[in-house]
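Chemist: curious how this folds, go ahead:
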Amino acid sequence: MKEAAGEANLTVVAIILIAVIVAVATPLINSLMRSSARRSCCTDAGGVWKSNNCIAASNDRTGQFDSAGYSSCVSEAGQ
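Modeler: Numbers count the residues shown, from 1 in each chain. Model prediction:
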């Protein structure tokens, strides 16, 4: 009977550890996904991602950066 109780306690500990790992990892993964989506929108709009901002490329002489397109992409992605 003691072995069964020990196994049950080990199962509870494992479940708690899994819950803690999920609680820590979920915000980190969400943040990485948001950042990746914003970078992708920036590149699609013809910009360059620097210091967590989308800016026009310094060598963009043709005016290809579409800030409205970037804003639209980010809002569609739910960012």
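
Chemist: wait, isn't C73 in contact with G47?
Modeler: No: C73 is beyond contact range of G47, at 10.6 Å (criterion: Cβ atoms under 8 Å). Any C-beta I mention is one placed from the backbone N, CA and C, and that applies to glycine too.

Chemist: settle it for me: which of the two has more neighbours?
Modeler: A direct count of neighbours by other Cβ atoms under 10 Å for C73 and G47 places G47 higher, at 22 against 19.

Chemist: the more buried one contacts C54, correct?
Modeler: Yes: here G47 lies in contact with C54, judged by Cβ under 8 Å, at a distance of 4.3 Å.

Chemist: and the helices in this structure?
Modeler: Along the chain, counting by DSSP state H, helices occupy 2-44, 67-76.

Chemist: list the buried residues for the last one?
Modeler: Think helix 67-76. Residues of helix 67-76 classed as buried by neighbour count (16 or more other Cβ atoms under 10 Å): 70, 73-74.

Chemist: let me see the contact set for G46.
Modeler: 56-57, 60, 64-66 (Cβ atoms under 8 Å, 6 or more residues apart in numbering).

Chemist: phi, psi of it?
Modeler: phi 90, psi 20 (degrees, to the nearest 10).

Chemist: how near is it to G69?
Modeler: For G46, the distance to G69 (Cβ to Cβ, to the nearest Å) stands at 8 Å.

Chemist: quick revisit: closest one to S35 out of the buried residues of helix 67-76, please.
Modeler: Proximity of the buried residues of helix 67-76 to S35 (Cβ to Cβ) peaks at V74, which lies at 11.4 Å.

Chemist: what's the burial count for the residue lying closest to that closest one once chain neighbours are set aside?
Modeler: Counting by Cβ to Cβ, 6 or more residues apart in numbering, C41 is the residue found nearest to V74 once chain neighbours are left out, at 5.2 Å. Other residues near C41 come to 22 when the count uses other Cβ under 10 Å.

Chemist: let me know the pLDDT of C41.
Modeler: At C41, the pLDDT value in this model is 91.

Chemist: okay, the helices of the chain, which one's buried deepest?
Modeler: Each of these was scored by mean neighbour count; the highest is helix 67-76, a mean of 14, by mean count of other Cβ atoms under 10 Å.
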